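A.B. asks: Take a look and give me a structure for this.
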Amino acid sequence: MQIEPGKLLAQIQNPQDLRKFDKDKLVQICDELRQFIIDHVSVYGGHFGAGLGVVELTVALHYVLKTPDDQLVWDVGHQAYGHKILTGRREIFHTNRVYKGLSGFPKIKESEYDAFGVGHSSTSISAALGMAMASKYKGEKHRQHVAVIGDGALTGGMAFEAMNHAGVSDTNLLIILNDNCMSIDPNVGALKDYLTDITTSHTYNKVKDEVWHLLGKISKFGFSAQDVVSKVEGAIKSALLKQSNLFESLNLRYFGPIDGHDVNHLVEVLNDMKDIPGPKILHCVTVKGKGYGPAERDQTKWHAPGKFDKITGEIAKKITTGPQAPKYQDVFGHTLVELAKKNEKIVGVTPAMPSGSSMNIMMKAFPDRSFDVGIAEQHAVTFSAGLATQGLKPFCNIYSTFMQRAYDQVIHDVCLQDLPVVFCLDRAGFAGADGPTHHGAYDLAFFRCLPNMVVSAPMNEEELRNLMYSASLYEGPYSIRYPRGQGVMLDWKKELRAVPLGQGRIIKEGEELAILTIGHIGNYAKDATGMLKAEGLNPAHYDMRFVKPLDGALLHEIFGKFKKVITVEDGCLMGGFGSAVLEWMVDHGYHSEVKRLGIPDEVIEHGEQIQLHRECGFDPEGIAKAVREMMGITYAKR
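C.D. replies: Take a look at the predicted model:
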């Protein structure tokens, strides 16, 4: 289905075309851009509310800046759909987040207008500051450098590190704070309250326009007058707010708050700010989901709703036949509550993903034992370590891709002290349409090398429950990884049983060749052995459950019996499960032929999970093909 743009938007292939329009056309362009996003996402799916909330800001930025020479960095990138549409990708935007199509996030290789590749939060200020410093070093005084960061992403420690540096950088850097009180879930913490104080301070807002007027005319004064105005501005801001302005304290010139949906005022302000030297921050107040009623009313639900009826607001449901297995994340949430009822020491921790991880189930049942710490993975891990020192049992739920951001804390604060923190790594393996910034490809490799760390993965929902129960009894660091999406069991809520540490299990007896799997991907191996049985092949299948410690007794049995072995994992081949098995084989003097299936040492782009599994050769047919090849059998698929 071809989505037709409005008559003005249809004339815009790039920002140069946008700048040809008179300013009085910008409101209509914003309306058409917002409608195009609504039309597109309703038909094709994708991220929604964040993009609607920055339509006016996106248009104003490209209208005022000379992009791509002026450099614009979006934090995370959920909100960059309008940016992509205005920068030469409107006609192919229907391929957004589709296999082999446009990335759902800004990406350097995709467009010269994407100044920096993003996907994880809180990186924009650091990146833009680096660009600004480079321009200063090269004498490129004309270039503007802008970082657009949300109030949710601002809770990440990296953003504060960057602002601390920016305040003494003397660079042409503008930070735009897109303040909508939301990330995916509502924002939490003292920073949210502080920003609310700024936006609701009537006295401050009464005089800020006069201060702004002075600052907008700075270029007409000499340095001494500029210095006076700066000091007067700082004194007024400090006096009017209950406490010293956080951003001013970091030597960032603070302007705002202003209405982030008034495109004409945004253009005036941005034009004025181009003439103000040094690092500065513009505080824009916006509404996530702006312009589409249902998205404004339920901002979490409409962050990425999938396909929907734009007239009724009804979100399309997946067509299913019969009962469906639950999502792994929901099994985690319900099981955690079940365990918490049995053990009062259990607490839950998540860095700003209560709904995505289903920690919200625990938060509802035990609000005093559940903690959303904001977009702050490093803090989440060390906070969990602190809880553990006092005899509590924290279950720290972090997406696999975001666990990378707290690796030092896992090593230094948990593993070296051998503290009983349970890491539940959601979205392990391929994340699907979110692509390489969100794939959980590396956790098996980077966790198995850590002293004291247990590394496990369940093949199904029952195994997830049992591993969580086992972890609750274990006095040391313990990780459990599981994928995005549905499991395989309808009758999943069975009695909890402890899994002996490092013990695998046999799924199917066989001959000549053994398939060793870890985690949910073992279900593909079950499908593959079913295919092969019809061809007269009978490989054995073992679910190892643990990458560390490996089941030595089971491996002795396997390598003593089989001269051909295939390992399968939904993780990186470099240093992962297959590597662990090979190391064990060599260390114990076996000489079997081993083939490893998993994610190769390259960046795998976005697509549906099964498409990416097929691309990497470990979908059911890929596993069956590997078996045939090792057995020396040529097979022509009918």
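A.B. asks: Now name the helix or strand holding the residue nearest to residue 373 when sequence neighbours are not counted.
C.D. replies: Distances taken as CB to CB, 6 or more residues apart in numbering put residue 380 closest to residue 373, at 5.0 Å, once the chain neighbours are dropped. C-beta: built from backbone N, CA, C; applies to glycine. Residue 380 is part of helix 377-389 when elements are defined by DSSP states H and E.
A.B. asks: The residue nearest to residue 373 touches residue 394, doesn't it?
C.D. replies: No - using CB atoms under 8 Å as the test, residue 380 is too far from residue 394 to be in contact (9.3 Å).
A.B. asks: Compare the two (neighbour count), which wins?
C.D. replies: Neighbours per residue, other CB atoms under 10 Å: of residue 380 and residue 394, the larger number sits with residue 380, 29 against 26.
A.B. asks: so what's that one up against?
C.D. replies: For residue 380, the contacting residues are 349-351, 373, 396, 398, 406, by CB atoms under 8 Å, 6 or more residues apart in numbering.
A.B. asks: cutoff 6 Å now
C.D. replies: If you count contacts by CB atoms under 6 Å, 6 or more residues apart in numbering, residue 380 has them with 349, 351, 373, 396.
A.B. asks: just the helices in the stretch 251-400 of the chain please.
C.D. replies: Here the stretch 251-400 of the chain has its helices, by DSSP state H, counting those that start in this stretch, at 263-273, 293-297, 328-342, 354-357, 359-365, 377-389, 400-403.
A.B. asks: Residue 582 is nearest to which of those helices?
C.D. replies: Counting by CB to CB, residue 582 lies closest to helix 400-403 out of those; the figure is 22.7 Å.
A.B. asks: List the contacts of that closest one.
C.D. replies: Looking at what lies outside helix 400-403 - CB under 6 Å, 6+ apart - the contacts are 377, 425, 427-428, 438, 440, 443.
A.B. asks: quick one on the thing from earlier: farthest pair within the contacts of residue 380?
C.D. replies: Within the contacts of residue 380, 373 and 396 form the most distant pair, 9.7 Å apart (CB to CB).
A.B. asks: Could you check which of those two has the larger neighbour count?
C.D. replies: Shown here are residue 373 and residue 396; by other CB under 10 Å, residue 396 has more neighbours (30 against 20).
A.B. asks: before we move on, back to that, can you list the contacts of residue 380 in CSV and add distance to residue 144 and pLDDT?
C.D. replies: Formatted as CSV, the contacts of residue 380 follow (distance: CB to CB, whole Å; pLDDT from 0 to 100):
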residue, distance to residue 144, pLDDT
349, 40, 98
351, 32, 95
373, 34, 94
396, 40, 98
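A.B. asks: Which of the three states applies to residue 515?
C.D. replies: Assigned with DSSP: H, G, I helix; E, B strand; the rest coil, residue 515 falls in the strand class.
A.B. asks: What distance do you get for residue 361 to residue 299?
C.D. replies: Between residue 361 and residue 299 the computed distance is 20 Å (CB to CB, to the nearest Å).
A.B. asks: Next: residue 190.
C.D. replies: Distance, residue 190 to residue 299, by CB to CB: 21 Å.
A.B. asks: picking that back up, out of the contacts of residue 380, which are inside strands?
C.D. replies: Per DSSP state E, strands hold the following members of those: 349, 396.
A.B. asks: Out of the contacts of residue 380, flag the one nearest to residue 39.
C.D. replies: Checking the contacts of residue 380 against residue 39 by CB to CB gives residue 351 as the nearest, at 33.8 Å.
A.B. asks: residues contacting the closest one?
C.D. replies: So, once contact is read as CB under 6 Å, 6+ apart, residue 351 ends up touching 373, 375-377, 380.
A.B. asks: Next: residue 580.
C.D. replies: Neighbours of residue 580 in contact, by CB under 6 Å, 6+ apart: residue 547.
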